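Asker: Quick one, fold the following:
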Amino acid sequence: MIDELLEKVEENGSDRLNLFFITRILKEGVKAKNKVLEKYQFTVYSVDIDDEIKGHLYDLTCNQFKYIIKKDLDTTEYDVITDDLKQIFTYSMNNKAMSFADVVNNQLNNKSQITKIKDLTSLVGKEELWAYCVGFFDTNNDWFYTFRKILKGKVVVEEEGENSKKKVNFFRAKFDTTSSKLEMLHGETINLDEKIDCIYNDGIFYIIQKTQFEQITCISEEFKERAEKIVEELIDTGLINGTDLLKKQVADKPAIHKKLVRLQKTNNYQNLKKTDINKMLRVAKRFGGKLKKDTDGNLLLETEQDIELTIRVLADFYKKGEFSGKPYGTFSGKQLKESE
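Answerer: Here you go, the predicted model:
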């Protein structure tokens, strides 16, 4: 697929590309119970660019596509946790209940309705500059898009200070090779990274940078919200002592969010019984770990290692190769149905 898009880009040249900025703002009237994926409003803005920037965006896209093709990466469906990140992940936007879906399903398909940016200062004063998007089209007006997350430190605008004097926390300068002098750089600036996080074509995202894609679409924020709900479900079992530590880890360490979402996918904890606690201890011991019980026979969580081991056991982290009989440890994997 990437080679076909590269061919389209090269056939149409730098003249047939447009640059868009995407902003994010919290929707009005949002309630705490609203899902994270529905809390934000994303808006697409078009940006006029000169031929030099067009040529640069064209070159970096071709170079990125050629690099991806050279890597000969496998394509696989997106999953929360995967062992091998050196893949292209696919993510269908069909019927996705998330605010970002409006960007690709509606706004980019109605370009005549997209507002053109006149200045960055007024924009970032009201909305968060979230990502930039490069749209490519051919003679049939068929489009595809690349996306890259914009970090806050990449945007510099001058803010209005007291008495209408502009102020910045630092000054910007450039070295003029003609005069061999360092000169002041005035105006608004933005750094556009020479990387691509994901590609959108015909209803499907092709993900190159998994973490950045999750940030752009706010899936990463959804992970935290889901992780907090999973902790509440674990507490409701009445079989775990030390859940305050688990709550703190969810609040402080994003790395645990995906693991808990993976645990939810297995559904192994929903009907947990006290008799299952001994089985959990045996599984942990078999692979060199140690889980503990309190005096009531409930699972006891005292350290972060206890939490990690508990999630591993419940999420079927420990697996066995049917042919070799060798044990493996991984959160990833898709449940299969055995043939009768």
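Asker: quick one: secondary structure of Pro199?
Answerer: Check again: residue 199 is Ile, not Pro. Of the three states, Ile199 takes strand under DSSP: H, G, I helix; E, B strand; the rest coil.
Asker: wait, His314 sits on Lys265?
Answerer: Let me fix one detail, which is that residue 314 is Leu and not His. No - the pair Leu314 / Lys265 is not scored as a contact, 11.4 Å apart, by Cβ atoms under 8 Å. Where C-beta positions appear, they are placed from N, C-alpha and C, glycine not excepted.
Asker: Tell me which of these two has more neighbours.
Answerer: Leu314 (21 against 15; other Cβ atoms under 10 Å).
Asker: Let me see the confidence value for the more buried one.
Answerer: At Leu314, the pLDDT value in this model is 93.
Asker: quick one, phi/psi of it?
Answerer: Dihedral pair for Leu314: phi -70, psi -30, per degrees, to the nearest 10.
Asker: could you measure it against Leu336, distance?
Answerer: To Leu336, Leu314 is 20 Å away according to Cβ to Cβ, to the nearest Å.
Asker: what's the answer for Glu322, then?
Answerer: Distance of Glu322 to Leu336, computed by Cβ to Cβ: 10 Å.
Asker: Kindly report the same for Cys198.
Answerer: 28 Å.
Asker: more crowded one of these two?
Answerer: Per other Cβ under 10 Å, whichever of Cys198 and Leu336 has more neighbours is Cys198, with 25 against 6.
Asker: partner residues bridging the more buried one?
Answerer: Beta-bridge partners for Cys198, by DSSP bridges, are Phe147, Ile207.
Asker: State which helix of this protein is the longest.
Answerer: helix 51-71 (DSSP state H).
Asker: buried stuff in it?
Answerer: Within helix 51-71, the residues that count as buried by 16 or more other Cβ atoms under 10 Å are 54, 57-58, 60-61, 64-65, 68.
Asker: Run through the residues that contact Lys195.
Answerer: Contacts for Lys195 (Cβ atoms under 8 Å, 6 or more residues apart in numbering) come out as 64, 148, 209.
Asker: Give me the secondary structure label for it.
Answerer: Quick answer, by three-state DSSP: Lys195 is coil.
Asker: pLDDT score for it?
Answerer: 85.
Asker: now do Gly242
Answerer: pLDDT, Gly242: 90.
Asker: what does Leu260 give?
Answerer: Predicted confidence (pLDDT) for Leu260: 91.
Asker: where does the stretch 1-150 of the chain dip in pLDDT?
Answerer: 31-37, 83-85, 95, 97 (pLDDT under 70).
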